[in-house]
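Colleague: below: sequence and its predicted model.
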Amino acid sequence: MAVVTPGPLENHPLQSLDLPTPQPARGQVRICIDVCGVCRTDLHIAEGDLPLHCNPIVPGHEAVGTVVRCGPGVQQLKEGDRVGVAWLYAACMRCRYCQRGEENLCAMPRFTGYDEHGGYAEYMVAPEAFVYPLPSGLSSVEAAPFLCAGIIGYRALRRCGLQSKQRLGLYGFGGSAHIVIQIARYWDCEVYVVTRGEKHRTLAKQLGATWVGEADDPMPEKLHAAIIFAPAGTLVPLALAALDRGGSLALAGVYMTQIPALDYEETLFYERTLCSVTANTRQDGRELFSLAQDIPLHTHTEVFPLAQANVALTRLKDGLLNGAAVLQVKSQIHAIE
């Protein structure tokens, strides 16, 4: 499924398209895709909120599958390995950011499903250096949301500086937040969730939220840290005002609507911190998959066939998903070449 002409989802911007089977270049592997998670960034690409970097483009950056061919120079992976591909497809590995392990800040990054074809397809290729071997304890459907929702959520936790036994606010309760709350509860933190959907509120309570409300509801306690997952700039002043002195707010989306003017004394004074989250490092992914086994973490998913990608994105946009959407890609005829 590829985007050729972005537009409203009712126009079905994702269309079935025949593309040549990709061949792995030096350092790359070809992956037979089993499943691919659905992310809000895919929605922004499909509807044109993010301009196309490649046309056509196959979206999908929560891809799970099996290595079926290794290009020259591949050293660690082999045919038959089950792997995942995340949003950060590649980085230059030469700049000062890459050299200090902050490849997410590279000035020349490549992103999966945006600069390079992603996982809404039978096959894709990816650099070995940016592919994650997956633990055997996770099914492919369970693993897919970790590759973006999970990794970004985990990085947002680190960026907002949450410590054990503190109070965390989550604004929006979709694919990322339902993973983050499990980590925060494992750290013995209280979690306060702001979300509109009844399904989301129910799931938040089931996963141990101390309080669940809507944006206009007064926060019952001052927060040590907060994360905004919803792409609504109007939430920023509300979330900052809910922070305790010295608290920190992380914005976890790649896209956000206009942020209103901020009242300095009400929202930023007393050393409150506002920061953003940009993609992820590979170390973030490695730490997350280790946590996923140790806690263990569980993902709540709804599975759709690949042909219903537009339907899955529509349900995401309308807030009707209970957890994360995952597209079933692999057919019964695929086998290791």
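Modeller: Thanks, I have it.

Colleague: helices or strands up against the helix ranked longest in the chain?
Modeller: Taking DSSP state H as the criterion, the chain has its longest helix at helix 282-294. Judged by 3 or more C-beta pairs under 8 Å, 6 or more residues apart in numbering; DSSP states H and E, helix 282-294 is in contact with strand 131-133, helix 149-159. Where C-beta positions appear, they are placed from N, C-alpha and C, glycine not excepted.

Colleague: ok, now with 10 Å
Modeller: strand 88-90, strand 131-133, helix 140-143, helix 149-159, helix 177-186 (3 or more C-beta pairs under 10 Å, 6 or more residues apart in numbering; DSSP states H and E).

Colleague: just give me the neighbour total for residue 26.
Modeller: 10 (other C-beta atoms under 10 Å).

Colleague: that one reaches residue 71, doesn't it?
Modeller: Yes. The criterion here is C-beta atoms under 10 Å, and residue 26 meets it with residue 71 at 5.6 Å.

Colleague: and for these two, which residues touch both?
Modeller: In terms of C-beta atoms under 10 Å, 6 or more residues apart in numbering, residue 26 and residue 71 are both contacted by the residues 127-128.

Colleague: give the buried residues for the longest helix of the chain.
Modeller: 282, 284-285, 288-289, 291-292 (16 or more other C-beta atoms under 10 Å).

Colleague: and what of stretch 122-142?
Modeller: 122-128, 130-132, 134, 138, 140-142.

Colleague: out of the residues you listed, flag the one nearest to residue 275.
Modeller: Of all the buried residues of stretch 122-142, residue 130 has the smallest distance to residue 275: 24.2 Å, by C-beta to C-beta.

Colleague: in terms of pLDDT, where does the spatially most distant residue from the centre of the chain sit?
Modeller: For the chain, the largest distance from the centre (C-alpha atoms, centre = their mean) belongs to residue 265, which lies 32.9 Å off. Looking at residue 265, its pLDDT stands at 93.

Colleague: and residue 63, what are its phi and psi?
Modeller: phi -90, psi 130 (degrees, to the nearest 10).

Colleague: in three-state terms, label the closest residue to it other than its chain neighbours for me.
Modeller: The shortest distance from residue 63 to any non-neighbouring residue, by C-beta to C-beta, 6 or more residues apart in numbering, is to residue 119 (2.7 Å). With DSSP: H, G, I helix; E, B strand; the rest coil as the basis, residue 119 sits in coil.

Colleague: list the contacts of residue 119.
Modeller: 1, 31, 33-38, 42, 58-65, 84-85, 112-113, 126, 144, 147, 306, 327, 329.

Colleague: as CSV, the buried residues of helix 282-294 with pLDDT and distance to residue 20 would be great.
Modeller: Below are these laid out as CSV (pLDDT from 0 to 100; distance: C-beta to C-beta, whole Å):
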residue, pLDDT, distance to residue 20
282, 94, 29
284, 95, 33
285, 94, 29
288, 95, 33
289, 93, 32
291, 92, 38
292, 92, 35
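
Colleague: relative to residue 16, which of those is nearest.
Modeller: Closest to residue 16 out of the buried residues of helix 282-294 is residue 285 (30.5 Å), distances taken as C-beta to C-beta.

Colleague: quick check: the closest one touching residue 88?
Modeller: Yes. Counting by C-beta under 10 Å, residue 285 touches residue 88, with 8.8 Å between them.

Colleague: overlap of the contact sets of these two?
Modeller: By C-beta under 10 Å, 6+ apart, the residues touching both residue 285 and residue 88 are 130, 151.
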